[in-house]
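A.B. asks: sequence and predicted model, in that order:
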Amino acid sequence: MQFQIDNMACGGCARSVTKAIHSVDPQAKVDIDLALKRVSVVSSADESAVAAVLEDGGYPPRRAT
């Protein structure tokens, strides 16, 4: 799954996003491209659960195309 997170601007943001995703699935593989503000996630967790935890953490995601 891929998300666009427009307010992710720095390494601290990237760490917060990764930590939020790992709270839902500790085994998730998270790849972040800060320049594109894009997060790619390989996880057994449901996409809606990942999106919800990002939203709750202050990083509202949009599905990336």
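C.D. replies: Sure, I can see it. Numbering: from 1, shown residues only.
A.B. asks: how about the longest helix seen in the chain as CSV, C-alpha atoms only?
C.D. replies: Criterion DSSP state H: the longest helix present in the chain is helix 11-24. Only the C-alpha atoms of helix 11-24 are listed here, as CSV (Å, rounded to 0.1, in the frame of the first residue of the first chain):
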residue,chain,number,x,y,z
GLY,A,11,13.4,12.9,9.4
GLY,A,12,11.5,13.3,12.7
CYS,A,13,8.2,13.1,10.8
ALA,A,14,9.4,10.0,9.0
ARG,A,15,10.3,8.4,12.3
SER,A,16,6.9,9.3,13.8
VAL,A,17,5.2,7.8,10.7
THR,A,18,7.2,4.6,10.9
LYS,A,19,6.6,4.3,14.7
ALA,A,20,2.8,4.7,14.1
ILE,A,21,2.8,2.0,11.5
HIS,A,22,4.8,-0.3,13.6
SER,A,23,2.2,0.2,16.4
VAL,A,24,-0.3,-1.6,14.2
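A.B. asks: quick check: buried residues in that helix?
C.D. replies: Neighbour counts over helix 11-24 (16 or more other C-beta atoms under 10 Å) mark 13, 14, 16, 17, 18, 20, 21, 24 as buried. Heads up, the C-betas are built off the backbone N, CA and C, glycines and all.
A.B. asks: check stretch 26-36 too.
C.D. replies: Judged by neighbour count using 16+ other C-beta under 10 Å, the buried positions of stretch 26-36 are 28, 30, 32.
A.B. asks: neighbouring strands for the helix or strand of the chain with the lowest mean pLDDT, and are they parallel or not?
C.D. replies: One helix or strand of the chain scores below all others by mean pLDDT, DSSP states H and E: strand 62-63, with a mean of 94. Here strand 62-63 is paired, per DSSP bridges, with strand 2-4 (antiparallel).
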